[in-house]
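Novice: Take a look and give me a structure for this.
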Amino acid sequence: MFDFNCDCAQEYGVYKNEKELEIAKYVSSINIAAGFHSGDPLSIKRALEFAKENNVSIGAHIGYQDIQGFGSRKVELNDEELETTVIYQISAISSFANAMGLEIEHVRLHGAMKNELNSNIDFAKKVACAIKKLNPWLNLYINNSEFKEILEKETGIKCAFEVNFQDWGTIRQIRELEVKPDTIHFCNVEDAMRAREVLKPTPVNFNRVGGQI
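Specialist: From the prediction side, this is the model:
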């Protein structure tokens, strides 16, 4: 069983991104931008309403505080700043979800913060510990399988190995068990739609909706 995920609420004010909810129709988990790299209250609310109506799993999509650069620029943070940056964003999506009778199930990092997660094990441990402090049941999506094993062993946080959909070779490798991801990330409507015809997605975390999809 594999999860399909995509990013949502990556818009801000007059800058809209309608295509994300189109992709979301074909996935089992959505990652909702928490306001630092993108996302505002209305777009977050709309994404949560979509999740509730379509019974998909919800995650917090977090990044550096960099609206102008869409979270693509690294921001130097000390340990306290990093921890509060992680906790603040997850809490925003979690509290909003709770107000609508929903729960979040995972965390996916964005842009420069995601790159650091997958290349710097010390940084990854700090992020994992911050998540665990807030909610030890959340899954952290990570692209580095080696880091996944280290984080689960040394921090106790649950991790989901993510691969990015590149082309149809990705699906072939998965079906032939050459690659064994927990979740596949999609950025394109057509790719997600066609992949769903081949593989039936199921959320990584079964806290809320796993038995219903």
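Novice: mind listing the helices for the protein?
Specialist: Along the chain, the stretches classed as helices by DSSP state H are 19-24, 41-54, 79-99, 111-119, 121-134, 145-154, 168-175, 189-198.
Novice: Check which helices and strands the second one is in contact with.
Specialist: Yep, that's helix 41-54 we're talking about. For helix 41-54, the elements it packs on are strand 3-8, helix 19-24, strand 29-33, strand 57-62, helix 79-99, judged by 3 or more CB pairs under 8 Å, 6 or more residues apart in numbering; DSSP states H and E. All C-beta atoms are positioned from the backbone trio N, CA, C, and that covers glycine.
Novice: please redo it, this time with the cut-off set to 6 Å
Specialist: Counting contacts by 3 or more CB pairs under 6 Å, 6 or more residues apart in numbering; DSSP states H and E, helix 41-54 packs against strand 29-33.
Novice: Parallel or antiparallel, which strands does the strand it packs on pair with?
Specialist: Strand pairing for strand 29-33, determined by DSSP bridges: strand 3-8 (parallel), strand 57-62 (parallel).
Novice: With Ser145 as the reference, name the closest of those strands.
Specialist: strand 3-8 (15.7 Å; CB to CB).
Novice: can you list the weak-confidence ranges in this protein?
Specialist: Residue ranges of the chain with pLDDT under 70: 1, 13-17, 177, 205-213.
Novice: mind running it again at 50?
Specialist: By pLDDT under 50, the low-scoring segments of the chain are 206-213.
Novice: residue farthest from the centroid of it?
Specialist: Glu176 (25.3 Å; CA atoms, centre = their mean).
Novice: I'd like to know how far it sits from Thr170.
Specialist: 11 Å (CB to CB, to the nearest Å).
Novice: Check Gly101 too.
Specialist: Counting by CB to CB, the gap from Gly101 to Thr170 is 35 Å.
Novice: More neighbours: which of these two?
Specialist: Neighbours per residue, other CB atoms under 10 Å: of Gly101 and Thr170, the larger number sits with Thr170, 17 against 8.
Novice: Tell me what the closest residue in space to the more buried one that isn't next to it in sequence is bridged to.
Specialist: In this structure, Thr170 finds its nearest non-sequential neighbour in Val163, 6.4 Å apart by CB to CB, 6 or more residues apart in numbering. Note on Val163: beta-bridge partners by DSSP bridges are Ile184.
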